[in-house]
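Peer 1: Sequence first, predicted coordinates after that:
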Amino acid sequence: MKKFSAILLSIIMCITFFGCSADKTELKDSQITAVQSTIKAETTSDTNDSTSVIKADDTTQSSESSKNKTDKSRLTTKSSASTKNAADSRTTKASAKNTEKTSTSKKTTKNKSSTAQSTTKKKTTTTKKQTTTSSTITCTVTVECKSILKNTDKLADGHAPYVPSDGYFINGCTVTLANGSSAYDAVQLACNKQGVHMTTVNSGYGKYVKGFNNIDEKDCGSQSGWLYFVNGSSPSKSCSKYKLSNGDNVVFSYTCK
């Protein structure tokens, strides 16, 4: 278009310059014809150039469009792969979670079963204990003063008639007591059964047996008195504080010193 404008301006100048001369009419026509040919050639050239540019642009656009389609296809493929990987990951996690739930369920069931078995065992053990635990106990009681028979010279005056010939006031008397009874309860019950008189005093440590049938402490020596034993051992507490068990053997024995 710039070339066309330049040519048109040249034509106008030529007409102005040569317009008044009649002789120059043919020259002007020839020049106009030449100018028109030039304009046509330039226009054709410009048209061809424009067409080439348009075609080139179309080719470029087509190439870019194809490239964009390829890129979109790649993105679609990547998106599909990513979606598939995500789905696989979710499936794997779900499977692992289900496996964990199954394992937890099995453990819970096993623990419940173990707890139930343990509870059953405890109940069975408790039932056995309750069965074997009775509300009463049975014990044997013996009261003897055989040591006096060997120390009659130490015996206080007037007490010889109260000493049994064999040295036993009570010899193996079986008594039945309430569970939790003491050694004092056992000997008291045995004395009641055998008709033996028992003398006791209260102390800060509990009941203290002072004597049986008028044979009291210090009647056969300054340090003489009554001691008690349970199953052959001398407890360190008062007989009223010692709780008996079923089958215990209680012995009250007089010692001379």
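Peer 2: Noted; the coordinates are in hand. Numbers count the residues shown, from 1 in each chain.
Peer 1: so where's this protein uncertain?
Peer 2: Within the chain, the stretches with pLDDT under 70 are 1-8, 10, 12-133.
Peer 1: max-length strand in it?
Peer 2: What stands out as the longest strand in the chain, according to DSSP state E, is strand 168-178.
Peer 1: next SSE after that one?
Peer 2: Downstream of strand 168-178, the first helix or strand assigned by DSSP states H and E is helix 183-194.
Peer 1: related to what we said a few turns ago, and the angle from the longest strand of the chain to helix 183-194?
Peer 2: Angle of strand 168-178 versus helix 183-194, following axes from the mean of the first three to the mean of the last three CA atoms, to 10 degrees, is 120 degrees.
Peer 1: Note down every partner strand of strand 168-178 and its orientation.
Peer 2: Partners of strand 168-178 in the sheet, by DSSP bridges, are strand 136-144 (antiparallel).
Peer 1: Please point out which parts of the strand it pairs with sit buried.
Peer 2: For strand 136-144, burial by neighbour count (16 or more other CB atoms under 10 Å) applies to 137, 139-144. C-beta coordinates here come from the backbone N, C-alpha and C atoms, glycine included.
Peer 1: what does stretch 183-200 give?
Peer 2: Buried residues in stretch 183-200, counted by 16+ other CB under 10 Å: 183-191, 198, 200.
Peer 1: Looking at these, which is nearest S253?
Peer 2: S253 lies nearest to V187 out of the buried residues of stretch 183-200, by CB to CB, at 11.7 Å.
Peer 1: Without its sequence neighbours, what residue ends up closest to that closest one?
Peer 2: Closest residue to V187 apart from its sequence neighbours, by CB to CB, 6 or more residues apart in numbering: V141 at 5.4 Å.
Peer 1: Can you give me every residue that contacts the one you found?
Peer 2: Shown in contact with V141 (CB atoms under 8 Å, 6 or more residues apart in numbering): 170, 172-175, 186-187, 189-190, 250-252.
Peer 1: again with I170
Peer 2: I170 neighbours (CB under 8 Å, 6+ apart): 141-144, 190-191, 194, 196.
Peer 1: For G206, give its distance to S182.
Peer 2: The spacing between G206 and S182, counted by CB to CB, to the nearest Å, is 9 Å.
Peer 1: which residues do these two both contact?
Peer 2: Counting by CB under 8 Å, 6+ apart, the residues touching both G206 and S182 are 239-241.
Peer 1: From these, keep the buried residues only.
Peer 2: Buried by 16+ other CB under 10 Å: 239-240, out of those.
Peer 1: As TSV, the shared contacts of G206 and S182 with secondary structure and distance to W226 would be great.
Peer 2: Below are the shared contacts of G206 and S182 laid out as TSV (DSSP: H, G, I helix; E, B strand; the rest coil; distance: CB to CB, whole Å):
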residue	secondary structure	distance to W226
C239	coil	10
S240	coil	14
K241	coil	16
